[in-house]
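Provided below for reference: sequence and predicted model.
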Amino acid sequence: FPHVLLVLCCAGAGQDVGRSCILVSIAGKNVMLDCGMHMGYNDDRRFPDFSYITQNGRLTDFLDCVIISHFHLDHCGALPYFSEMVGYDGPIYMTHPTKAICPILLEDYRKITVDKKGETNFFTSQMIKDCMKKVVAVHLHQTVQVDEELEIKAYYAGHVLGAAMFQIKVGCESVVYTGDYNMTPDRHLGAAWIDKCRPDLLISESTYATTIRDSKRCRERDFLKKVHETVERGGKVLIPVFALGRAQELCILLETFWERMNLKAPIYFSTGLTEKANHYYKLFITWTNQKIRKTFVQRNMFEFKHIKAFDRAFADNPGPMVVFATPGMLHAGQSLQIFRKWAGNEKNMVIMPGYCVQGTVGHKILSGQRKLEMEGRQILEVKMQVEYMSFSAHADAKGIMQLIRQAEPRNVLLVHGEAKKMEFLKQKIEQEFHVSCFMPANGETTTVITNPCIPVDISLGLLKRETAIAQRFPRAFPPFSPQSFRLVSPEQALKELGLAEHQLRFTCRVHVQDARKEHETVLRVYNHLKGLLKDYSVQHLPDGSITVESILIQATAHSEDQGTKVLLVSWTYQDEELGSYLTALLKKGLPQSTP
Amino acid sequence: MAAHLKKRVYEEFTKVVQQQHEDLSAKKLRLTKPSKSAALHVDLCKATSPADALQYLLQFARKPVEVESVEGVVRILLEHYYKENDASVRLKIASLLGLLSKTAGFSPDCIMDDAINTLQNEKSHQVLAQLLDTLLVIGTKLPENPSVRMRLVEVACKHLTDSSHGVRNKCLQLIGCLGPVEKGVAKEAESQAAKDVQKIIGDHFNDQDPRVRTAAIKAMLQLHERGLKLQQAIYSQACKLLADDYEQVRSAAVQLIWVLSQLYPESIVPIPSSNEEIRLVDDAFGKICHMVSDGSWVVRVQAAKLLGSMQQVSSHFLEQTLDKKLMSDLRRKRTAHERAKELYSSGEFSSGRKWGDDAPKEEIDTGAVNLIESGACGAFVHGLEDEMYEVRIAAVEALCMLAQSSPSFAEKCLDFLVDMFNDEIEEVRLQSIHTMRKISNNITLREDQLDTVLAVLEDSSRDIREALHELLCCTNVSTKEGIHLALVELLKNLTKYPTDRESIWKCLKFLGSRHPTLVLPLVPELLSTHPFFDTPEPDMDDPAYIAVLVLIFNAAKSCPTMPALFSDHTFRHYAYLRDSLSHLVPPLRLPGRKLVSSAVSPSITSHEDPSQQFLHQSLERVYNFQHLDPRGIQELLEFTIRDLQRLGELQSELAGMADFTATYLQCQLLLIKALQEKLWNVAAPLYLKQNALASAAAKQILEETYKMEFMYSGVESRQVVIIHHMRLQAKALQLIVTARTTRGVEPLFGMCEKFLQEVDSFQRCFISELPHMQGSFVDKLLDLMPRLVTSKPSEVVKILQTTLRQSTFLHLPLPEQLHRATANIIEPTGESDNPLRFTSGLVVALDVDATLEHVQDPQGTVKVQVLYPDGQAQLIHPKPADFRNPGPGRHRLITQVYLSHTAWTEPCQIEVRLLLAYNSNRSKASTRIPKSTWSESLEALPLSENGIEGTIPFSKPVKVYIMPKPARR
């Protein structure tokens, strides 16, 4: 009974990065994975087009649940819009840290859009709160029953605090959605891990599908070296980051480095999010890596000594400094403001620690553009050094392959990446794992054929009896019934169907040259078989016949030729194997009689 | 409170004693033996319900059963076993059978048949498993009986088809432990079951239950351990198990593959996907490398550990483990390591502006990239980046072992090891520093690597810093900038952590002597000399300046042109340092300096050091003093002792030797002085006052002999004889003094008796050495022995006195190497004026940090003593884990000492010192003597004679200011 599994990349994640939003239809259940927004757009395109899902009906009727993998805005940014403005009342699942941090980011995002840019028709603070009320928090490895058939389970994904991979399971069909994940541990988070759950489909991100990264220690050292050199030159370092996630890792890195090298240049962290964010990191210590978990008794690593809060006025201060500023792609907000101020000085440096979406300032300067057109027609010349450190906590090509190896899926679907890169990875996956791999574009529907197993009832007695007879196909067959399947013994099946059992016997005559009397021949055959078939019970019955298990052998003299004896071998259908073996044996003839 | 505390401290160490008590109680039980089995029988008959019976059995199991009654008990248990319907009771009985057959001295072959019989009718799987376990115990108790084992194996094979995993588990375990190991035995026994244990076990590699699969692999490993050569055919089976769903199976399979790779390293196995073939060890290496990125960290640790011991692997496979092809957007990218190397070799490193030059270069052929590494690729790269530090440590260890056997690999893994210096977990950092030190013979550090290495010097952990100093001691540096960098960083370290002084000096000593040519161009800068101007003379007490001088002088040793660059005060400082820090500053041939060594050193050094010569000469002189008058002897001894002590201070290599001999001469001097006393000529009652000197001398000699015996490592039996001989003389002296001072003969009897016994045991212990002791005290004494035994105490004393006076002075032969155990308490420093305040009755923890040198088995011998002002002394045994071993012959004790006292009105000082505990019972003398006929008579000797336990203080006491405050109400 092949089943059909549908995946719809309804919004941004198909062959693209940003606006993750995937619809999965599995065994009649519809699940929405992530609900993100696009950073590059400021109009309607920033949110997924939800009307596409149902056309006219209500979302709540159509969707069984929504799962949010982690708190980055490209994975949860559209959530209040989706639940409050479009209207969805069903359950939303996310992990505890995500639930705690997500509203802060949403609020921050709302402020920037509404207060700074003065947009209207945007979700309000109240909407964020209402939305969060619909959220159900889950623990790692906790199996949550959404309804009677649908269950979900979270796995650790690294990436950012609280990031999780979700397994969605209906019956024995399952899908794993990775969200964003990281297979190499970093200074504050561990590596993603999944068991051999063998899902029918693995939906994996593929941001770095064509990259194999250097070891993280080299990256860290490079980063520290760059920062250190610039600071020693008296330059200022701008590190645009997302408020949470990479920022904390870099903070820990710089903090320990500052302490070790005894540096005095100030480190600032922009926005008021620092305290809140650190608070959550301190709170969810179990989600961090081994080192932090082990040392937090002595000192919580997130209580920074050298890192202070940033004030806008500090940007004009003379002397070296390091500033972490949001947002990470230099598309708006404080990081862009600081960038504008510092861009003219070649002593300064901007380090882009993560991926930048097309259309953002970050992407432009990374691709080598030195003259930027800012708002209001003014041209900004970039003289400062632009560095790119691949600190983004996504799995690289090797990491993705490693996860696939761990989970052993039957099909792989790549999302959240660029088409050209996906193509390469797809080819590799198919070549090395021999599983089919898909990479749907936005709006494209992928159909995956699954082979779900069918549950069959069997009585305990029969099961024990049959498994005791090793590795033989159960001699039982399922009577057909529309509701469920049952495995019963032949006897019971006959009884239930009211039929009588038919015996099927094979008989075979074997001619043996033997001049002696019949009973002597029988005796010879008996001795011969006894010698050969040690494992079976060979019996010589008083009526002159031999039984080997249930096979009967009788000898009669040939009617015409007394020197030839006819051996009659008879066996039932069930003993076909042994019977034919015996016949073959007897056909070879008896050994020369020994005195 | 203090007493209570002391008790608590001791509690940890009295476990052994408690054990003995238990043994005693077991012996006591002998008396009630006959009733034991009967009582059990009665109890079991009385039991009305299974629960009751279980209770009785549980109670019974708590008490040990003596050997003689085991069989009876077993019979009773078996009887009840057959009657019993409840599975849990049968299970308990089965386990009891196993316990009972373990009883020492009991041979379980008599109950084996019964045990096997019980198996036949058993229905419960748990009981079956337990019974098989019992059979395993029985089988292991009968190692010399192949037929029994064969039978047990047969039984196990029969039950292998059981449907319960527990039973199959135990069967496999039994086969693994008892299966025939020699081929011959297997053929002899014609039974079908025993045909090939390997095959039987191998069949269960595919069992449906993971626990059984694990047990099968473990059984196979067990067979290997017992000496059976596993068949190569298992290899392919084991490889399949590597992909098992269960981590314990995979973990065991990795081990099995490793074993096979060690057995058949050179066999050829095909590569599945192609027609090629490779060596088995390479294939296995690749497979184990693959497991380094397994999902379970247990497997990862296992795999990483085993990699280290696969030294036969081909070098190109080995080097693949460090290989990771980088790419970015499908373009080949060089790793940071490669870039660093290139920058370095192109000479652009110092510009510092080129670091970010990591733009991807050539395009990659998409077909050629292999993302899932087939084999060894990047195994260590993964292992070293692992999430769990256990895996990282294992990987570092493996790297170390492989690098030690392959210099080219050592060169390659250097970058990775250097990276590990920045690991977030201290243990990993420490491990990688140690590893680096171990492989440092094969490598030369590049400047950028050195930079990273030196950055670790600022680490706040003392362990790390010291490990790094050790590493720098044996590192090769390639450029003079490197040396300069190292020096600068070490000096920075010195200012930051002044306690590292010694360690840093030592480090610079080696750094200098290893790289004289690199130091040479740096000398003017380091000494800040100027061609035209006189520069001010640096402060001689500045540790940093001393550090620089140590570096330069050691380099100058093998660089004769260097002294020309020194200014006048440098020469003066050299003379001073050569004298005060002789272990750090080597002798130099300086122009215009009269140095003893300069004339003779080239010819002499080849075979003997002048100082060593001096040592021997002075000893020679002492041994020939026989014809001198008593005064002359005393003076000669005194001078020689003084000389030796001075020599010991100057020449650290000879310190042990010099001290040792000085102590010996000191003993002799004391003995001579004591015998020179006028008291011997005076009538007994008159010298009551003067005897103080003689008895004190005797006491001191005794102490010194114990020091000589136990404080020096490298003491051989030749020396031990002499030491014991000296002790015997001291005891004789003691006896004489007591005889003279005490009135009445009664106490003397005992003493004489004891002394004679000692002489006796001395003779027996050192019978082989006696011929070398012509004319000595003991030699003469033994001649007189028949007379002594029969004579009265007063006569004995007289004889002793004369022999003691007449006996000659024995030569002390010197061993090759002799080191004196020393201890130095680093912390507490004893300089603090702030008392450590705590509430009386409660405890305060005092951190003690000490370095120990040349202490054998410090875990067993080193104790901490705390002396309170009221004379109360407390002895603390540090935990074995508190001792670290940073280098050969060196130990470091970092422990906490708990102090407590009742309230004081004033803060007061307590003394903390380290003691070396000894026990003459365990003395080297008795262990070294081969067991001969006298061994049983030794037991009859009084304990006090053999087991003198004591302690030698071997560190300077440190004073700690403490103040127990009265508790607030």
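All right, it came through fine.

State the three-state secondary structure for residue B:795.
helix (DSSP: H, G, I helix; E, B strand; the rest coil).

Got the confidence number for it?
With respect to pLDDT, residue B:795 scores 79.

What separation is there between it and residue B:262?
Here residue B:795 is placed at a distance of 72 Å from residue B:262 (Cβ to Cβ, to the nearest Å). For glycine as for every other residue, the C-beta is placed from the backbone atoms N, C-alpha and C.

Looking at those two, which is more packed in?
When residue B:795 and residue B:262 are compared on other Cβ atoms under 10 Å in any protein chain shown, the one with more neighbours turns out to be residue B:262, at 17 against 13.

Which residues are in contact with the more buried one?
Each residue near residue B:262 by Cβ atoms under 8 Å, 6 or more residues apart in numbering or on different chains is listed here: B:281, B:309, B:310.

shouldn't residue A:62 be in contact with residue A:53?
Yes: using Cβ atoms under 8 Å, residue A:62 makes contact with residue A:53 at a distance of 6.4 Å.

okay, now the domains of chain A?
For chain A, the structural domains run A:4-212+A:393-450, A:216-388, A:456-497, A:505-588, going by the TED database.

Which of the three states applies to the residue in the stretch 51-200 of chain B that chain A sits nearest to?
Proximity to chain A, evaluated over the stretch 51-200 of chain B using Cβ to the nearest Cβ, is greatest for residue B:163 at 6.5 Å. Using three-state DSSP, the secondary structure recorded for residue B:163 is coil.

can you pull the pLDDT of it?
Here the pLDDT value assigned to residue B:163 is 81.

likewise the one 3 residues further on?
Residue B:166 is assigned a predicted lDDT (pLDDT) of 89.

Just checking the distance from the helix or strand encompassing it to the centre of its chain.
Remark: residue B:166 resides in helix B:165-178, with elements defined by DSSP states H and E. Centroid displacement of helix B:165-178 relative to its chain, using Cα atoms, centre = their mean, to the nearest Å, is 37 Å.

is any part of it close to chain A?
No: contact between helix B:165-178 and chain A is absent, the nearest approach being 12.7 Å (criterion: Cβ under 8 Å from any Cβ of the partner chain).

Now do that helix: which elements does it pack against?
For helix B:165-178, the packing partners by 3 or more Cβ pairs under 8 Å, 6 or more residues apart in numbering or on different chains; DSSP states H and E come out as helix B:125-141, helix B:146-158, helix B:197-203, helix B:210-225.

what's in contact with the third one?
Outside of helix B:197-203, the residues that reach it under the criterion Cβ under 8 Å, 6+ apart are B:153, B:157, B:160, B:172, B:175-176, B:179-180, B:186, B:193, B:216, B:219-220, B:223, B:228, B:230-231, B:233-234, B:237.

what comes up buried for it?
Buried positions in helix B:197-203, judged by neighbour count with 16 or more other Cβ atoms under 10 Å in any protein chain shown: B:197, B:198, B:200, B:201, B:202.

Also the last one?
The neighbour-count criterion (16+ other Cβ under 10 Å) identifies B:210, B:212-224 as the buried residues of helix B:210-225.

quick one: average pLDDT of the helix or strand following it?
As assigned by DSSP H and E, the chain's next helix or strand after helix B:210-225 is helix B:234-241. Confidence over helix B:234-241, taken as the mean pLDDT, stands at 88.

Might you quantify the distance of helix B:234-241 from its chain's geometric centre?
For helix B:234-241, the gap between its own C-alpha mean and the chain's C-alpha mean amounts to 38 Å (Cα atoms, centre = their mean).

near chain B, which residues of the stretch 201-350 of chain A?
Listed as neighbours of chain B in the stretch 201-350 of chain A under the rule Cβ under 8 Å from any Cβ: A:210-222, A:225-226, A:229, A:260-262, A:289-291.
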